[in-house]
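Chemist: The following comprises the amino acid sequence and a computationally predicted model.
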2 protein chains.
Amino acid sequence: MSGTGDAGAGAGSGAGLSRRPYLLRAMHEWMGDAGFTPHIIVDAARAGVEVPTAYIKDGRIVLNVSLNATQRLQLLNHGIEFDARFAGVVHHVRVPMGAVLGIYARETGEGMVFNEGEPEAPPPGESAAPAAPGAGAKGTMRRAKLTVVK
Amino acid sequence: MSGTGDAGAGAGSGAGLSRRPYLLRAMHEWMGDAGFTPHIIVDAARAGVEVPTAYIKDGRIVLNVSLNATQRLQLLNHGIEFDARFAGVVHHVRVPMGAVLGIYARETGEGMVFNEGEPEAPPPGESAAPAAPGAGAKGTMRRAKLTVVK
């Protein structure tokens, strides 16, 4: 994907539609069903990020986005919004999708990291996934842009 | 994740809950919103697979799982079910989640490959993702089991 991260302004925008919000929602749902506590890692320097600055560390902030820790949580294509208490004080948090660097479960560390720069070419060491064999019955994998996941 | 692929019998089963159906639904939804045609690659030799055998090739079958090409499509945690026409004849298709090897968009080849054997250890060449910096405000990434995605 090209994926500027917040390209998902709506449905039907074709190749420019970022996969990030879809994968983020999937991981969030999986963690919730598994009984884990999802946390997101946010690039606090990105435009549009609204978080309590006291909790920013090295330009990053980690936010508990579990349903228990948040109110009015919205995981939309263009970004995340919720209310949450920080040291007892309720803050409204806004994070554009492009500022979400990853999501992981506090209990296990399992999760997913999104490419920060989102380059067109895969970064060094991330080779193209092997084409799945036998993909010929109804279609062929002409252009492999696949992501291997566990 | 340990991921037997069809471990997702319900909510709350903890660490044994496979991420595969969650990611599959996410990619399916993304492709639908982007105007792409999702196809899945199925290991036809797996127990529980019910597909028209004439379309199996090298032990694999590729199935168009777009909403246009299917009826009563269900992407459940334990597997996929739908009705679809093959050469004009309607077949009922069942694919246990563990038999789903990957999903990709016909138009672009973009998609996601799931590990076939789902080993506990990462396969050779798939190094651990770099820990996201600054993940220290509310939690630390003690055990990195992250997946880098584009």
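Modeler: Perfect, thanks for sending it. This one's a predicted model, so the numbers in the text were calculated from it and none came from an experiment. Numbers count the residues shown, from 1 in each chain, chains lettered A, B, ... in the order given.

Chemist: mind listing the strands in chain A by residue range?
Modeler: A:38-43, A:60-64, A:71-75, A:79-86, A:89-96, A:100-105, A:110-114, A:145-149 (DSSP state E).

Chemist: do you know which of the ones you listed lies nearest chain B?
Modeler: With Cβ to the nearest Cβ as the measure, strand A:60-64 is the member of these nearest chain B (3.0 Å). Every residue, glycine included, has its C-beta placed from N, CA and C.

Chemist: Between strand A:100-105 and that closest one, find me the angle.
Modeler: Here strand A:60-64 points in a direction 40 degrees away from that of strand A:100-105 (axes from the mean of the first three to the mean of the last three Cα atoms, to 10 degrees).

Chemist: Tell me which other helices or strands strand A:60-64 touches.
Modeler: On a contact count with 3 or more Cβ pairs under 8 Å, 6 or more residues apart in numbering or on different chains; DSSP states H and E, strand A:60-64 meets strand A:38-43.

Chemist: can you state the direction angle for the strand it packs on and strand A:79-86?
Modeler: Between strand A:38-43 and strand A:79-86, the angle comes out at 110 degrees (the same axes, to 10 degrees).

Chemist: So which elements touch strand A:38-43?
Modeler: Applying 3+ Cβ pairs under 8 Å, 6+ apart, one finds that strand A:38-43 makes contact with helix A:20-34, strand A:60-64, strand A:100-105.

Chemist: Most tightly packed of these?
Modeler: Among the helices and strands packed on strand A:38-43, ranked by average contacts under mean count of other Cβ atoms under 10 Å in any protein chain shown, first place goes to strand A:100-105 (a mean of 26).

Chemist: what angle do it and strand A:110-114 make?
Modeler: 170 degrees.

Chemist: Just checking: what are the partner strands of strand A:100-105?
Modeler: Strand pairing for strand A:100-105, using DSSP bridges, gives strand A:38-43 (antiparallel), strand A:110-114 (antiparallel).

Chemist: related to what we said a few turns ago, would you mind giving the strands of chain A as CSV with mean pLDDT added?
Modeler: Listed next are the strands of chain A as CSV, based on pLDDT from 0 to 100:
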stretch, mean pLDDT
strand A:38-43, 98
strand A:60-64, 98
strand A:71-75, 98
strand A:79-86, 98
strand A:89-96, 98
strand A:100-105, 97
strand A:110-114, 95
strand A:145-149, 64
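
Chemist: quick revisit: closest to B:F86 out of the helices and strands packed on strand A:38-43?
Modeler: When the helices and strands packed on strand A:38-43 are compared by Cβ to Cβ, helix A:20-34 sits nearest B:F86, at 28.9 Å.

Chemist: The closest one versus strand A:71-75: what angle between them?
Modeler: Between helix A:20-34 and strand A:71-75, the angle comes out at 130 degrees (the same axes, to 10 degrees).

Chemist: Can you lay out the strands paired with strand A:100-105 as TSV showing mean neighbour count?
Modeler: Below are those laid out as TSV (neighbours: other Cβ atoms under 10 Å in any protein chain shown):
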stretch	mean neighbour count
strand A:38-43	25
strand A:110-114	23
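
Chemist: would you turn those strands into CSV with distance to A:V89?
Modeler: Output for these, formatted as CSV (distance: least, Cβ to Cβ, whole Å):
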stretch, distance to A:V89
strand A:38-43, 19
strand A:110-114, 27
